[in-house]
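Asker: Quick one: sequence plus predicted model below, questions after.
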Amino acid sequence: MLFIIQQEWYRGIGDKLPSLSIEMEVFCYKKEDRMMEGYQKYKRQYFLPPEPCMDWAGKEYIEKAPQWCSVDLRDGNQALIIPMSLDEKIEFFQLLVEVGFKEIEIGFPAASQTEFEFLRKLIDEDLIPEDVTVQVLTQAREHIIRRTFEAVKGAKNAVIHLYNSTSLAQREQVFKKSKEEILNIAVEGAKLLKKLTEEDGGNYRFEYSPESFTGTEVEYALEVCNAVLDIWQPTADNKVIINLPVTVEMSMPHIYAQQIEYMCKHMNYRENVIVSLHPHNDRGCGVADTEMGILAGADRIEGTLFGNGERTGNVDIITLAMNMYAMGIDPELNFTDMPHIVEVYERCTRMQVHMRQPYAGQLVFAAFSGSHQDAIAKGMHYRDAQDPDHWTVPYLPIDPRDVGRVYETDVIRINSQSGKGGIGYMLEEYYGYDLPSDMREQVGYYMKDVSDHEHKELLPNEINDLFQKEYMNVNAPYALNDYHFVRQGDIVTVTMNITYEGKTQFITATGNGRLDAVSNALRDNMNLTFDILDYKEHALSKGSSSRAVSYVKIIDCRKKNQWGVGLHDDIIASSVQALFSAINRAVAQRREAEKEAEA
Ligand code: KIV
Ligand code: ZN
């Protein structure tokens, strides 16, 4: 295309063109068409380490669960519209213990009276199990540290978590302090923790976080952490936790991994330091940050259930743990009753678990699409028949039952997008009807049409009801009242009592089998034109009493294929009923078509 380009026009790539008009072939649009001009004010605020740190990229997966620390009751709680009450905190604490957390940051006791009382209640009423360590957060400020020690007094095991902000932005804009002054805040805080612990005699371990680590020059963060470690002098028996938070996510995950690898490689006392990560999720990459950070050398993870926390939240520990689980690694946490965890979480936090929340949302195992359902149905059969010890079912990253979900309502879901595979699977798995494959297709189209027409999902019991109503033991306009067979050699004679349009009559015919005789009787006496194309029968495997089910396919006078189903205690009765169902369906549809044609 040839355009005359003037100064107020821009190129697709954003350059301003010179003021003179020029003629050139280029894709262009007016300035006011352009979206989101605001991006120009952003700049990258993170810092790369001074040397390449990419060893982590050569590792394939996480081989062992990290040490988990829940910060739901601190970082998660501080981000709630209405923070949890004392009772809610207790209930949530118990949930975390049930899930298997051995380290739980229970609050910032110097920040609020509820937090202080909560910690006191846990200690005074002996509510902390022996193998669980509570963790409390404190800023590196003297009065806050002192108050924290008052709150934690008497705890059997505790981690005192000290932090101060170290990023360039915070140093320049918030604290207006030099690097050295900020380092001193950390060092003075570390000294006070050590002194108060010695005085108190409690069994306390220490954690230090250079808060806003992701906006801190990596070498400087290392310098601060090493200075704190010099004060605390970690040993094999008294390891120190250095927590490197993604306070705000600023980079892609591979940058964070490089920062972590650098810290791990250069940190003093490394063998006596537990390197911890605490990712937030501003760019939606909290899980990726954490996984790459673990590959880069981290030992411990702080996060929350369902990723609750400041702004976009903390990293979701459930996703992390279940990602490991789905790769065949024991996550050392227990999410077998996810619906219960969701229930307690939603009630205590007043937050909602998103329907698509990995491993936990209402819809995360649901397959509506026909091709997905078909693959799942085949995958489940394959697993049952060929590889029961492994889970490789397409479209289902884990077995939903592992997290307390049920196939019946959570997996194959039927709407207008669904297909024969899913509907057939549902009828077979939940109700025992093993439809011939050709019939699955017809029933599939029928159910999809109903769902489309009514604009709603069809639940398994609705599918079953519709199937029975539309296909099974259909007894009008031809009603079968009674029948009697006599066999002489290869010839079978049938006598049937039927009712058609209010008139009851006996009809009879012979055939070379039972169904053949019944067909002949209907053709000869009732002037019906049809042929039987297919037949299948089986015992109904589901339900209390065992019954026989038969499927008959006919081609009718309009050359249309029609299926019918018969269900009866007696296999012969079920097959005759199936034929009547197919004929009655064909007649009903022919009449409908005639009515439409007349209209
Ligand atoms: O996100 C953060 O940096 C924190 C620190 C206090 C660890 O919550
Ligand atoms: Zn945080």
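Answerer: Received it, and whenever you're ready, just let me know what you need. Ligands and ions are numbered 1, 2, ... in the order given.
Asker: where does this structure come near ligand 1, residue by residue?
Answerer: Counting by Cβ under 6 Å from any ligand atom, the positions of the chain adjacent to ligand 1 are D75, L137, Y163, S209, E211, N243, P245, T247, H278, H280. For every residue, glycine as well, the C-beta is placed using N, CA and C.
Asker: In JSON lines: those residues, plus secondary structure, distance to G201 and neighbour count.
Answerer: Compiled in JSON lines, the residues of the chain next to ligand 1 are given as follows (DSSP: H, G, I helix; E, B strand; the rest coil; distance: Cβ to Cβ, whole Å; neighbours: other Cβ atoms under 10 Å):
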{"residue": "D75", "secondary structure": "helix", "distance to G201": "29", "neighbour count": "24"}
{"residue": "L137", "secondary structure": "strand", "distance to G201": "22", "neighbour count": "25"}
{"residue": "Y163", "secondary structure": "strand", "distance to G201": "24", "neighbour count": "22"}
{"residue": "S209", "secondary structure": "strand", "distance to G201": "25", "neighbour count": "26"}
{"residue": "E211", "secondary structure": "strand", "distance to G201": "29", "neighbour count": "20"}
{"residue": "N243", "secondary structure": "strand", "distance to G201": "25", "neighbour count": "24"}
{"residue": "P245", "secondary structure": "strand", "distance to G201": "30", "neighbour count": "20"}
{"residue": "T247", "secondary structure": "coil", "distance to G201": "33", "neighbour count": "24"}
{"residue": "H278", "secondary structure": "strand", "distance to G201": "29", "neighbour count": "30"}
{"residue": "H280", "secondary structure": "strand", "distance to G201": "36", "neighbour count": "24"}
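Asker: what's the farthest-apart pair in those?
Answerer: Of all pairs drawn from the residues of the chain next to ligand 1, the one with the longest distance (Cβ to Cβ) is L137 and H280, at 15.0 Å.
Asker: List phi and psi for the most centrally placed residue in the chain.
Answerer: Of all residues in the chain, the one closest to the mean position by Cα atoms, centre = their mean is P358, 2.5 Å from it. As for P358, its main-chain torsions (degrees, to the nearest 10) stand at phi -50, psi 140.
Asker: Please apply the same query to T319.
Answerer: Recorded main-chain torsions at T319 are phi -60, psi -40, according to degrees, to the nearest 10.
Asker: now swap in I412 and tell me
Answerer: For I412, the backbone dihedrals are phi -80, psi 120 (criterion: degrees, to the nearest 10).
Asker: and it, bridged to which residues?
Answerer: A367 (DSSP bridges).
Asker: what about it, neighbour count?
Answerer: In terms of burial, I412 registers 28 neighbours under the definition other Cβ atoms under 10 Å.
Asker: how far away is it from P394?
Answerer: 13 Å (Cβ to Cβ, to the nearest Å).
Asker: Next, show the common contact partners of those two.
Answerer: Jointly contacting I412 and P394 under the rule Cβ atoms under 8 Å, 6 or more residues apart in numbering are I376.
Asker: list the contacts for Q577?
Answerer: Q577 sits in contact with N473, L480, S550, G564, V565, G566, L567, H568, where contact means Cβ under 8 Å, 6+ apart.
Asker: The nearest residue to G422 once chain neighbours are set aside in helix, strand or coil?
Answerer: The spatially closest residue to G422, leaving aside those adjacent along the chain, is Q373, at 2.7 Å (Cβ to Cβ, 6 or more residues apart in numbering). Applying DSSP: H, G, I helix; E, B strand; the rest coil to Q373 yields a three-state assignment of helix.
Asker: Isn't Q373 up against I412?
Answerer: Yes: in this structure, Q373 is within contact of I412 by Cβ atoms under 8 Å, at 5.2 Å.
Asker: Please parse this protein into its domains.
Answerer: According to the TED database, the chain is divided into the following domains: 67-349, 370-470, 478-598.
Asker: With respect to burial, which of those scores highest?
Answerer: Per residue and on average, the most neighbours among the domains of the chain fall to domain 67-349, with a mean of 20 (mean count of other Cβ atoms under 10 Å).
Asker: In this structure, where is pLDDT below threshold?
Answerer: Per-residue confidence of the chain (counting by pLDDT under 70) places the weak regions at 1-34, 543-545.
Asker: Name the SS class of the residue of the stretch 351-500 of the chain at minimum distance from ligand 1, please.
Answerer: Sorted by distance to ligand 1 under Cβ to the nearest ligand atom, the residues of the stretch 351-500 of the chain start with M351, at 18.0 Å. Secondary structure assignment for M351 (three-state DSSP): coil.
Asker: Next, the contact list for it, please.
Answerer: In this structure, M351 makes contact with L80, F306, N308, Y345, judged by Cβ under 8 Å, 6+ apart.
Asker: Please render these as a markdown table that adds secondary structure and distance to E219 to the earlier fields.
Answerer: A markdown table is the format used below for these (DSSP: H, G, I helix; E, B strand; the rest coil; distance: Cβ to Cβ, whole Å):
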| residue | secondary structure | distance to E219 |
| --- | --- | --- |
| L80 | coil | 37 |
| F306 | helix | 36 |
| N308 | coil | 33 |
| Y345 | helix | 40 |
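Asker: In the stretch 1-150 of the chain, mark out all the helices, start to finish.
Answerer: Listed in chain order, the helices of the stretch 1-150 of the chain (DSSP state H, counting those that start in this stretch) span residues 77-78, 86-99, 113-124, 142-152.
Asker: Without its sequence neighbours, what residue ends up closest to H568?
Answerer: Nearest in space to H568, with sequence neighbours left out and distances taken as Cβ to Cβ, 6+ apart, is S574 at 4.0 Å.
Asker: repeat for D516
Answerer: Spatial nearest neighbour of D516, chain neighbours left out: V492 (7.2 Å); criterion: Cβ to Cβ, 6+ apart.
Asker: so is that neighbour in a helix, a strand, or just coil?
Answerer: V492 carries the three-state label strand when classified by three-state DSSP.
Asker: Spit out the contact partners of it.
Answerer: F485, V486, T510, G511, N512, G513, R514, D516, A517.
Asker: repeat that with 7 Å
Answerer: By Cβ atoms under 7 Å, 6 or more residues apart in numbering, V492 lies in contact with F485, T510, G511, G513, R514, A517.
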